[in-house]
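Colleague: I would like to see how this sequence folds:
(one chain, ligands or ions: 1)
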Amino acid sequence: MARTGFVWDEKFAWFELSNYAGTAPAGPDLMQPDRHVYDPEVVRRFRNLVDASGLLRQLVNLPPRPATEAEIGRVHTAAHIDLIKTLSAQPTGGDPGDNAPVPRGAFQMAALAAGGAIVAADAVMSGDADNAYALLRPAGHHARPDRSMGFCIFSNAAIAGRHLFEAHGLKRVAYVDWDVHHGNGTQAAFYDEPRALTISIHQDRLYPVDDGFVGQLGEGKGLGTNLNVPLPAGCGVGAYEAAYDEVVIPALQAYRPEVIIVPSGFDAGAMDPMGRMMVHSDGYRSLTRKLMKAADDLCGGRLVFIQEGGYSPWTVPFLGLAVLEELSGIRTGVKDPHLAYHRALAGQELLQHQQDAITAAAQNIKYIPRPD
Ligand code: ZN
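Modeller: Modelled structure (predicted):
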């Protein structure tokens, strides 16, 4: 059994994007108002299942604190931070574009999310927890240093990584972003930074549609430290396991990180409305175990999961609980009601065109700089 830290604050679920339907603004083009697809009920239901299953009491409760502007400023430009503060203070918020509306009070909520990522990283470094899951909102992995994007305001995982460099003196932090969308913000934050290996496994050209390609390897001193694994739509657990066995784990072994951070979206789950992949809860267990084994071998088990996307209010809680059960080694006995159906879906096994994409990404492992 491991002591697993869990970051949560009810205020994360108060980050609400109103007057939308899906991803479209309500009103124009005769769009009747409905819920925004990035609905706070998803993370709240995830947290509630962790509670109702009895697992919450067995986790190390980690209350978040707001990140300071100096901590946010290690990743983001002053202009971006100032714009978010200005829009956040408006009675109706604002929308700077790039699919990232900024509701009233968003600055404080985004700072709390970034601080939650820092608290999770600190707990794993101090030994207060063996590993940690920060269930937070707004998400971060699309936010670029100079702008918000894709429902993300501040790049929480990147801010936690910079904190590990500055406050803990780490020299090698690895990211394994398993959200179905490309981790473009984390990639941008560290593109020329040799202290971070950024790996993103995502559906090819889903979002952003012009980023996340296999040939993007980093630049300057960071050349070789960015590894994209764009997978064709329709991948099941077979393809995901092969991507970890043939790309992700060998890349981690080459880089030898001191901590592994997982920007953790559950939108690669079967039936997620925003992705076209088919991972089920047993698949997430398998991928988690692979990452735990790598972390045990390479960095004392130090794994920090940071919540990103995931849009199905029905499946995400069970996918998240599966990951937390693996991280903690505690079985709650809760059965995933979707598992049998999602496991039986055609195409769960590895297919040749998926293997070809994985093989192409594996060619780039040789560019990863080895530790001194
Ligand atoms: Zn996503």
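Colleague: for stretch 150-160, the averaged confidence score.
Modeller: Averaging pLDDT along stretch 150-160 yields 98.
Colleague: for stretch 84-95, same thing?
Modeller: Regarding stretch 84-95, the rounded mean pLDDT is 92.
Colleague: what comes into contact with it?
Modeller: Here stretch 84-95 makes contact (CB atoms under 8 Å, 6 or more residues apart in numbering) with 96, 101-108, 110, 148, 153-154. From N, CA and C alone the C-beta is placed, and that goes for glycine too.
Colleague: near the ion, which residues of the stretch 1-150 of the chain?
Modeller: Listed as neighbours of the ion in the stretch 1-150 of the chain under the rule CB under 5 Å from the ion: no residues.
Colleague: coming back round to it: buried subset of the contacts of stretch 84-95, written for PyMOL?
Modeller: The following PyMOL command selects only the buried members of the contacts of stretch 84-95, with burial defined by 16 or more other CB atoms under 10 Å:
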select buried, resi 96+101+102+103+104+106+107+110+148+153+154
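Colleague: now the contacts of stretch 84-95 in a markdown table, please, with extra columns for secondary structure.
Modeller: Converted to a markdown table, the contacts of stretch 84-95 look like this (DSSP: H, G, I helix; E, B strand; the rest coil):
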| residue | secondary structure |
| --- | --- |
| 96 | coil |
| 101 | coil |
| 102 | strand |
| 103 | coil |
| 104 | coil |
| 105 | coil |
| 106 | helix |
| 107 | helix |
| 108 | helix |
| 110 | helix |
| 148 | coil |
| 153 | coil |
| 154 | coil |
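Colleague: my guess is residue 152 contacts residue 139, does it?
Modeller: Yes - with contact taken as CB atoms under 8 Å, residue 152 and residue 139 are classed as touching, separated by 5.1 Å.
Colleague: enumerate the residues of the stretch 201-350 of the chain near the ion.
Modeller: Of all the residues in the stretch 201-350 of the chain, those in contact range of the ion (CB under 5 Å from the ion) are 265, 267, 309.
Colleague: neighbours of the last one, how many?
Modeller: Residues lying near residue 309 (other CB atoms under 10 Å) number 27.
Colleague: which non-adjacent residue is nearest it?
Modeller: Closest residue in space to residue 309, ignoring its immediate chain neighbours: residue 265 at 3.7 Å, by CB to CB, 6 or more residues apart in numbering.
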